[in-house]
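Q: Show me the folded form of this:
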Amino acid sequence: MRKINKILLVISLGTLLACSNDQKPKVTFEPDKIGNIMYRNIEFKSQGAILRGRLYLPEDKSKKSPVVIMAHGFTTTINGMTADKYAEKFREVGFAVLLYDHRNLGISDGEPRQELNFWVQSRGYIDAIGLISNQPEIDADKIAVWGASLSSREAFLAGTTDDRVKAVIAMIPAFGEEIPKEDKDGSLYAFAKETLLLEDIMSLPHTATEQMPIVSTDQKGTPSALTDLTAYNWFIEYGGRFGTNWKNVVSFSNIEVPDDLNLGQFAAQLKAPILMVVATNDEMNGANPKVTQFVYDNITQPKEWVDIDGGHFGLLYYPSPLFDKSSKAQIDFLNKYLK
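A: Numbers count the residues shown, from 1 in each chain. Predicted structure coming up:
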């Protein structure tokens with residue numbers, strides 16, 4: 001039996017291979033500037049939609065650069081919601097960065113707007129790898145994937161299925177609330193790989209929810225996807241800033257998956273070193289530290305764990321000492337495994 005993937009709805013609180021030759025993503029570049037940070041506007045195709053973002057390139061152009069592929073967490077966007085600040089830090093120390101908005105969100109195309117699908121978003125990472133591997137400034141043998149909260153799961157899945165990934169950063173990881181059952185015959189992992197290979201994931205049987213607010217101060221009258229006050233405070237402060245393209249509304253589409261599927265079952269399939277930056281006593285449902293610890297313990301690749309106080313959103317405030325601690329740990333990891 002299959003059932004609708006409940007994991008996605010849990011994460012609403014708190015993802016193989018190269019494209020075939022006839023499905024190579026298209027890319028266009030347009031120079032732009034934020035302050036003194038130079039980047040190129042980019043776009044590429046994924047699941048029938050154009051995804052848009054930025055390619056940050058380090059100042060040293062004397063050699064090809066290792067690259068970090070970044071996509072934002074739950075409903076957030078690339079402009080002003082802190083992922084861009086991490087991208088700037090990585091660029092400062094010599095890494096290229098591809099940072100993009102997920103399908104249906106921000107500056108990327110895709111319909112319905114504001115709808116999240118874990119598998120579609122995960123495929124975005126794979127197509128982003130295909131794009132960046134062909135850029136002349138990039139060392140295609142040194143590719144890392146980065147994710148935060150929900151997108152940490154998506155980056156993790158990419159790292160278990162794509163040999164081109166050489167390092168993974170999972171920041172405030174959200175692997176669900178339940179300890180995974182064993183994938184004894186490997187069929188669940190096979191299902192995940194097969195799903196990510198599809199050119200039209202949404203052609204699979206699936207359901208979709210009605211739209212609802214992401215955060216709300218009135219859970220009785222206007223219930224929201226995220227109920228914690230820490231979530232409300234952060235999203236209203238950062239999402240509400242001018243030019244973020246963030247909207248306080250979300251819906252979910254969920255494909256049917258095998259009953260016991262849980263990404264934590266694939267820990268032993270991870271193909272690259274991983275850094276987990278974990279919020280001490282993470283308050284968000286779907287980001288259970290005990291589950292994160294289980295996943296970490298079952299990873300066979302080189303692995304590092306960094307605890308940071310401040311709850312789920314603490315290291316998403318910039319500037320702050322927590323951001324500094326988090327970004328330093330991530331840079332140290334990238335210097336160790338990607339340079």
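Q: quick one: residue 55 is in a strand?
A: Yes: under DSSP: H, G, I helix; E, B strand; the rest coil, residue 55 falls within a strand.
Q: Now name the helix or strand holding the residue lying closest to it once chain neighbours are set aside.
A: Excluding the flanking residues, the one nearest residue 55 by C-beta to C-beta, 6 or more residues apart in numbering is residue 40, at 4.5 Å. Backbone N, C-alpha and C define where each C-beta goes, glycine included. Per DSSP states H and E, residue 40 falls inside strand 37-46.
Q: who does that strand pair up with?
A: With DSSP bridges as the test, strand 37-46 is paired with strand 28-34 (antiparallel), strand 49-56 (antiparallel).
Q: Flag whichever of these has the least confidence on average.
A: Among the strands paired with strand 37-46, strand 28-34 has the lowest mean pLDDT, at a mean of 60.
Q: end to end, how far does stretch 70-80 reach?
A: Using C-alpha to C-alpha, to the nearest Å, one end of stretch 70-80 lies 14 Å from the other.
Q: got the CA coordinates for the strand holding residue 40 in CSV?
A: Output of strand 37-46 as CSV, limited to C-alpha atoms (Å, rounded to 0.1, in the frame of the first residue of the first chain):
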residue,chain,number,x,y,z
ILE,A,37,28.9,41.9,-3.9
MET,A,38,29.1,41.0,-7.6
TYR,A,39,26.9,38.3,-9.0
ARG,A,40,25.2,37.2,-12.2
ASN,A,41,21.5,36.7,-12.5
ILE,A,42,20.9,33.2,-13.8
GLU,A,43,18.0,31.0,-14.8
PHE,A,44,17.6,27.3,-15.7
LYS,A,45,14.8,24.9,-16.3
SER,A,46,13.5,22.3,-13.8
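Q: Run through the helices of the stretch 201-339 of the chain in chain order.
A: Remark: helices assigned in the stretch 201-339 of the chain by DSSP state H, counting those that start in this stretch are 229-234, 289-297, 321-337.
Q: Including mean pLDDT, mean neighbour count and distance to residue 45, could those go into a markdown table?
A: Output for the helices of the stretch 201-339 of the chain, formatted as a markdown table (pLDDT from 0 to 100; neighbours: other C-beta atoms under 10 Å; distance: least, C-beta to C-beta, whole Å):
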| stretch | mean pLDDT | mean neighbour count | distance to residue 45 |
| --- | --- | --- | --- |
| helix 229-234 | 98 | 17 | 32 |
| helix 289-297 | 96 | 18 | 31 |
| helix 321-337 | 98 | 18 | 28 |
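Q: between those, which one is nearest to residue 256?
A: Checking the helices of the stretch 201-339 of the chain against residue 256 by C-beta to C-beta gives helix 289-297 as the closest, at 22.6 Å.
Q: Show me how far the closest one is from its chain's centre.
A: 18 Å (C-alpha atoms, centre = their mean, to the nearest Å).
Q: how near is the nearest residue in space to residue 91 that is not next to it in sequence to residue 41?
A: In space, and not counting its chain neighbours, residue 91 is closest to residue 56: 4.3 Å by C-beta to C-beta, 6+ apart. Residue 56 sits at a distance of 11 Å from residue 41 (criterion: C-beta to C-beta, to the nearest Å).
Q: Can you give me the buried ones in stretch 195-205?
A: For stretch 195-205, the neighbour count (16 or more other C-beta atoms under 10 Å) marks 195, 196, 201 as buried.
Q: Where does residue 156 sit: helix, strand or coil?
A: helix.
Q: Which positions are bridged to the closest residue to it other than its chain neighbours in the beta structure?
A: Closest residue in space to residue 156, ignoring its immediate chain neighbours: residue 170 at 5.7 Å, by C-beta to C-beta, 6+ apart. On the basis of DSSP bridges, residue 170 is bridged to residue 147, residue 276.
Q: so residue 170 makes contact with residue 154?
A: No: with contact defined as C-beta atoms under 8 Å, residue 170 does not reach residue 154; the gap is 9.8 Å.
Q: Can you work out which residues contact both of the two?
A: residue 147 (C-beta atoms under 8 Å, 6 or more residues apart in numbering).
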